[in-house]
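Visitor: what follows is a predicted protein model with its sequence.
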There are 4 protein chains.
Amino acid sequence: MLIVMQRQADEAKINKVIDFIKQKGFDAHVSKGEDHTVIGCVGRKVIDKRDIELLEGVEEVIRITSPYKLVSRVFKPEDTVINVNGVKFGGGNIGMIAGPCSVETYEQVDETARKLHDCGVKILRGGAFKPRTSPYAFQGLGEDGLKILRKVADKYNMAVTSEVMEVSQIPMFLQYVDILQVGARNMQNFNLLKSLGEVRKPVMLKRGLSATIEEWLMSAEYIMSGGNRDVILCERGIRTFEHMTRNTLDISAIPVVQKISHLPIIVDPSHATGLRDKVAPMSKAAVAAGCDGLIIEVHNNPDCALCDGAQSLYPDDFAILFKDLKALAEVVKKKF
Amino acid sequence: MLIVMQRQADEAKINKVIDFIKQKGFDAHVSKGEDHTVIGCVGRKVIDKRDIELLEGVEEVIRITSPYKLVSRVFKPEDTVINVNGVKFGGGNIGMIAGPCSVETYEQVDETARKLHDCGVKILRGGAFKPRTSPYAFQGLGEDGLKILRKVADKYNMAVTSEVMEVSQIPMFLQYVDILQVGARNMQNFNLLKSLGEVRKPVMLKRGLSATIEEWLMSAEYIMSGGNRDVILCERGIRTFEHMTRNTLDISAIPVVQKISHLPIIVDPSHATGLRDKVAPMSKAAVAAGCDGLIIEVHNNPDCALCDGAQSLYPDDFAILFKDLKALAEVVKKKF
Amino acid sequence: MLIVMQRQADEAKINKVIDFIKQKGFDAHVSKGEDHTVIGCVGRKVIDKRDIELLEGVEEVIRITSPYKLVSRVFKPEDTVINVNGVKFGGGNIGMIAGPCSVETYEQVDETARKLHDCGVKILRGGAFKPRTSPYAFQGLGEDGLKILRKVADKYNMAVTSEVMEVSQIPMFLQYVDILQVGARNMQNFNLLKSLGEVRKPVMLKRGLSATIEEWLMSAEYIMSGGNRDVILCERGIRTFEHMTRNTLDISAIPVVQKISHLPIIVDPSHATGLRDKVAPMSKAAVAAGCDGLIIEVHNNPDCALCDGAQSLYPDDFAILFKDLKALAEVVKKKF
Amino acid sequence: MLIVMQRQADEAKINKVIDFIKQKGFDAHVSKGEDHTVIGCVGRKVIDKRDIELLEGVEEVIRITSPYKLVSRVFKPEDTVINVNGVKFGGGNIGMIAGPCSVETYEQVDETARKLHDCGVKILRGGAFKPRTSPYAFQGLGEDGLKILRKVADKYNMAVTSEVMEVSQIPMFLQYVDILQVGARNMQNFNLLKSLGEVRKPVMLKRGLSATIEEWLMSAEYIMSGGNRDVILCERGIRTFEHMTRNTLDISAIPVVQKISHLPIIVDPSHATGLRDKVAPMSKAAVAAGCDGLIIEVHNNPDCALCDGAQSLYPDDFAILFKDLKALAEVVKKKF
């Protein structure tokens, strides 16, 4: 931590700051510049920088060590590659996940999965427990939904991912799914993150609607610090003043995250935009920007979907899109 | 719901839209204007407006019924007044809640509570389970913290509020606290909200960092639809581009909420600003704008606090502030 | 305009609203639904919808006609294609503009332009008048800068674009540049927009840092309503809470704008991200998402640039990028 | 400037950074911590910190000197008090400015001003040149509007403020107004700011819709660096994701600005909220939080206003509000 003193701060104030941090268990390295005295605060203790900012004569306190460790490229320089059912995320590989927003019936999932399987998709998504803004909206089939997903996935030799909403659901999920998904609203449900740290299956961590990249990586750190190293980050749009799209898909998060972390980052264009005709261009943008995977909503009959049909692709449109995405991937030297 | 057709939409397109909504179980009322045909879509079914927006010839679909019911002033025109230990929130009354950010030791809570009691505060706050961004930060004393809070509160004849983080903790909390607090990060933890709907103690619902007022009221609707009518809304700052304060306290949410809902709205200036010297001005602003209560962090020794000491008031400063707030309340015709 | 009355609004209140809008020169079409009475307000007059919202019994007032006309696809369904020096923007064509952030010396511009010309770039950018946040920073060479740009461009048979900051500068700019650029900070400098409406050269209108897409299109409407139909829209990042990149490049603005407007939309990845290593991925994302052009900062010697060197590409890196972009364009069925 | 090297940066990389900054004309002070080497970069030259961030082995570059000088309390510790027509802004004084959004007719301004004068208001506001989002909306009366304002103001012995939109209008404005207002959209119209630096009348600088406090102060610095020391800052709401109010009034900007700058800060609750019934609570909040002035829209007949009638107060409501504000001011030890 670096403590920048105000231009006019005198010896007495400087010494008071030094005493304060020493008393908290830190060493102080003082260096006097032309305008400002800067005090380096060195040590392993934890301190709230605002406590120092409130001392007299202090202009600013600057944290210089990253708050995350295990997620950082400093800790692990090479890409983490996560392999699920032969599909790889990271290290030059782009993984594709597709399926309906929510599980409605066996037939719906079966028909959707069959068409996806024909396109070469090997990981099926589907919501069984649905976090809905309104208490009066469809809340999902629950465990029955997970059973349908598993049964269909087994039929087509696919893997399954679905959103887990609570600590107590984890054991049940482990029976049915291959990737445990943490929704945007739960990105800082720290109890859930801690419990997922003890799981030995990959976790897909969606970025919170208003989470900074740093907070998102800290949430991944929670999972990793529990011992689970297989975290897939998922960008799904942030909340901004612009309301023409549901959220603003932060495509630049892809190169930013890839520089500071070794974890794979995938993109969910369906939830980010909320409208079917924006899904294809944003999927292409994500691949061109170098993402490590995509999760796309596809429904066998979007017009009758119980949830988010408006953002689901028709299977035929998905087939065309997937072909284009493969061609784009080649240009940026990646492969599905 | 109102469906506005595009200027150039022909009969065929209009009829297709009408067929679509009838098939979904709605009645259609067509009215032709100079530029636009507008179709009123009447009925009790639920439909995703984006499904209609994707039909050909549709310019815009407008929802005209509020998504919330029980929280609305239409449903209940008069103010809900919540009475906890003789302290009232709503209906011209301003309730005061104060205490440390987290429970550290019996002595700390006891000394803080004693001073608050001397000022006339009757509801004590304190965190036992702490949601922390970093897995390496102090996570709270857990149930031991709740025990300390209860013991001290009983000594000074105070009520207690503390944050509950998970469904499974609710029975434990009911033994110790008088108001169950839902933190900003859990505002859309719908399982938790549903479970709190079955509780018969007041719930204080903090606004999520990036939650719109509508989403916040929908979360209150979750609790109320479960049968619990005692919800206190708590504004604690929203995330914006401005980083000079931790968050931007949205003071205008006070009159906005009071117009559309009968629920009391209180303000947490400590978390919103994150800095002690901003707490007094923002508390005053909240009272002047007509808030129904305040929750303020006070610590007997902020410089040694384990958490958020930088935003905690010294007891003496709080005493002065409380006096000023009472004088301001009088001007706006309210009382503590 | 549609006026939705509150559920409990009685006849008297409804009639009062009808009288109000009739008195303002509108016709009223009343339609009674199950829950709400809706009043259609038809006419050509201008009215502030908030005036109606403040009447008793009114729940909401909804504007149903787009505020823009000339920029809309309803007005002109086919793409506007703008041709500058043989480079086309729109209609399946992607135009490339490149050059240094600011004009520093003849040699700098000449060397940069020569290398760009070798890559096939035909439009040169360069700032002569620089809007700088600090009054103490380099403010540009002024007219001398424009002269250098013109001279170099003529040497390599290139066109020129540069930012005009004020009405009084327009005649001078018309002597030197082929596209007049309006900076993000001037997007709502309405006097400037009006004056540019009288010009007969293309205008590139950058999106304001916090401008909604609707406001941006309204600013284009200002220019077009003056008679100038050649407006190129330029997305350059919006301000959000995320500070890891300078701004958040809103890639989804590309398909959104292309649906509602016929004007070409290009992307400036250099200013949006502010860092060189993010320029290539974001340029690729923009092309994959279907943009109609790019404007990229390239400097012959970025390490010595007087302004924004950190976001300027080296000419060699630009050459590689341009090749990749052409390959991506082919996949999405467009061409440079 | 402080340069924090990456944990794993070796001697060679450190030396390369040192060479780089020396070559740019700075001195380097190296200090090695447990984890990181930090290089202090001392000197008076200007450098873009991103140029250093792009060097190998650099983790972060931190600017430690404030970018503003003249606006800072370090430069001038005591409050700047601006006196206009006997009304003081700053130093414990709260100045009141009121009047219609735009000048429509002599009668309208006269009647409004007479009523304001009766309440004790001594500074009249009114727009003559109106920046409107739509080219089809009322654009103001221009110079005729200024003449009306001046004539009426003289009749009631009031001062006048109105918005200047362009450099070329300044000489005309100087004939009629006592305070030159810079609108939110022009906060970074640097040519205008520079020209206002040469004026010898107070300037009221509105905060841009998405301007950080730092950028706002930098714009004030532009004016002050030209020699004009009388700048009044005006907070008028920032753009956020919340759309229930037109903007989010950032009340916490008041104590934040007052800590770092000596300039008076006033609040415009009318434009911030956009709705009449929110103006009173937000005015009260501003005074309670310690603002140095208010600018409030009042119209003799808001229902017929040509512009923003919905946010204008009726003169009678204003009279009541002003009385309450004076009572609140007393509590916070200030006076109108």
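Guide: Alright, I've got the coordinates.

Visitor: what's the longest helix seen in chain A in contact with?
Guide: As assigned by DSSP state H, the longest helix anywhere in chain A is helix A:315-331. Residues outside helix A:315-331 that contact it (Cβ atoms under 8 Å, 6 or more residues apart in numbering or on different chains) are A:94, A:96, A:98, A:112, A:115-116, A:118-121, A:276, A:279-280, A:283-284, A:287-288, A:294, A:296, A:298, A:300, A:313, A:335-336, C:284, C:288, C:324, C:327-328, C:331-332. In this view, the C-beta of every residue, glycine as well, is placed from N, C-alpha and C.

Visitor: same question, stretch A:281-288
Guide: Contacts to stretch A:281-288, defined as Cβ under 8 Å, 6+ apart, come from residues A:94, A:249, A:251, A:254, A:267, A:269, A:272-273, A:294, A:296, A:321, A:324-325, A:328-329, A:331-332, A:334, C:251-252, C:254-255, C:281, C:284-290, C:328, C:331-332.

Visitor: list only buried entries from these.
Guide: Using 16 or more other Cβ atoms under 10 Å in any protein chain shown as the burial test, the contacts of stretch A:281-288 include A:94, A:249, A:251, A:254, A:267, A:269, A:272-273, A:294, A:296, A:321, A:324-325, A:328-329, A:331-332, A:334, C:251-252, C:254-255, C:281, C:284-290, C:328, C:331-332 as buried.

Visitor: how is chain A carved up into domains?
Guide: A:2-62, A:82-331 (automatic domain parsing).

Visitor: in chain A, which spans are strands?
Guide: Counting by DSSP state E, residue ranges of the strands within chain A are A:2-5, A:27-32, A:37-42, A:58-62, A:82-84, A:87-89, A:95-99, A:123-125, A:159-163, A:179-182, A:203-206, A:231-235, A:265-267, A:293-297.

Visitor: any chance of these in CSV, plus distance to B:Met172 and mean pLDDT?
Guide: Formatted as CSV, the strands of chain A follow (distance: least, Cβ to Cβ, whole Å; pLDDT from 0 to 100):
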stretch, distance to B:Met172, mean pLDDT
strand A:2-5, 42, 81
strand A:27-32, 42, 76
strand A:37-42, 39, 77
strand A:58-62, 38, 80
strand A:82-84, 37, 96
strand A:87-89, 39, 97
strand A:95-99, 38, 96
strand A:123-125, 35, 96
strand A:159-163, 27, 96
strand A:179-182, 25, 97
strand A:203-206, 27, 97
strand A:231-235, 30, 97
strand A:265-267, 38, 97
strand A:293-297, 37, 96
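
Visitor: out of these, nearest to chain B?
Guide: For chain B, the closest of these is strand A:58-62, at 10.4 Å, according to Cβ to the nearest Cβ.

Visitor: direction included, what does the closest one pair against?
Guide: Note on strand A:58-62: by DSSP bridges, its sheet partners are strand A:2-5 (antiparallel).

Visitor: neighbouring contacts of the partner strand?
Guide: Under Cβ under 8 Å, 6+ apart, the answer for strand A:2-5 is A:13-14, A:17, A:21, A:36-41, A:52, A:57-62, A:64, D:2, D:38, D:62, D:64.

Visitor: ok so, going back, least reliable of the domains of chain A going by mean pLDDT?
Guide: Confidence, taken as mean pLDDT, is least for domain A:2-62 of these (a mean of 79).

Visitor: name the nearest residue to A:Ala253, ignoring sequence neighbours.
Guide: A:Glu235 (4.8 Å; Cβ to Cβ, 6 or more residues apart in numbering or on different chains).

Visitor: and the stretch 201-336 of chain A, which residues reach chain B?
Guide: For the stretch 201-336 of chain A, the contact set with chain B under Cβ under 8 Å from any Cβ of the partner chain comprises A:208-210, A:215, A:218, A:221-222, A:225, A:239, A:274-277, A:303, A:307-311.

Visitor: and those residues, which are buried?
Guide: Buried members of those, scored by 16+ other Cβ under 10 Å, are A:208-210, A:215, A:218, A:221-222, A:225, A:239, A:274-276, A:307-311.

Visitor: ok, A:Leu186 to B:Asn189 distance?
Guide: Rather than Leu, residue A:186 is Asn. Between A:Asn186 and B:Asn189 the distance is 7 Å, computed by Cβ to Cβ, to the nearest Å.

Visitor: what is in contact with these two at once?
Guide: Counting by Cβ under 8 Å, 6+ apart, the residues touching both A:Asn186 and B:Asn189 are A:Met165.

Visitor: for the closest residue to A:Glu163 other than its chain neighbours, what are its contacts?
Guide: Nearest residue to A:Glu163, sequence neighbours excluded (Cβ to Cβ, 6+ apart): A:Gln181, at 4.3 Å. Shown in contact with A:Gln181 (Cβ under 8 Å, 6+ apart): A:125, A:161-164, A:203-204, A:206, A:234.

Visitor: one step back: can you verify my assumption that the residue nearest to A:Ala253 contacts A:Pro269?
Guide: No - under the criterion of Cβ atoms under 8 Å, A:Glu235 makes no contact with A:Pro269, lying 9.4 Å away.

Visitor: now the common contact residues for these two.
Guide: Residues touching both A:Glu235 and A:Pro269 (Cβ under 8 Å, 6+ apart) are A:Leu249.

Visitor: who does the nearest residue in space to A:Ala184 that is not next to it in sequence form a beta bridge with?
Guide: Nearest non-adjacent residue to A:Ala184, counting by Cβ to Cβ, 6+ apart: A:Lys206, 4.5 Å away. Legend: beta-bridge partners of A:Lys206 under DSSP bridges are A:Cys234.

Visitor: in contact with A:Asn254, which residues?
Guide: Rather than Asn, residue A:254 is Ile. Listed by Cβ under 8 Å, 6+ apart, the contact set of A:Ile254 reads A:235, A:265, A:267, A:286, A:289-291, C:281.

Visitor: sorry, back to before: surely the residue nearest to A:Ala184 touches A:Gln188?
Guide: No - assessed by Cβ under 8 Å, A:Lys206 is found out of contact with A:Gln188, at 11.4 Å.

Visitor: between those two, which is the more surrounded one?
Guide: Applying other Cβ atoms under 10 Å in any protein chain shown to A:Lys206 and A:Gln188 shows that A:Lys206 carries more neighbours, namely 26 against 23.

Visitor: which residue ranges of the stretch 101-250 of chain A form helices?
Guide: In the stretch 101-250 of chain A, the helices defined using DSSP state H, counting those that start in this stretch lie at A:106-119, A:143-155, A:170-176, A:190-196, A:213-225.
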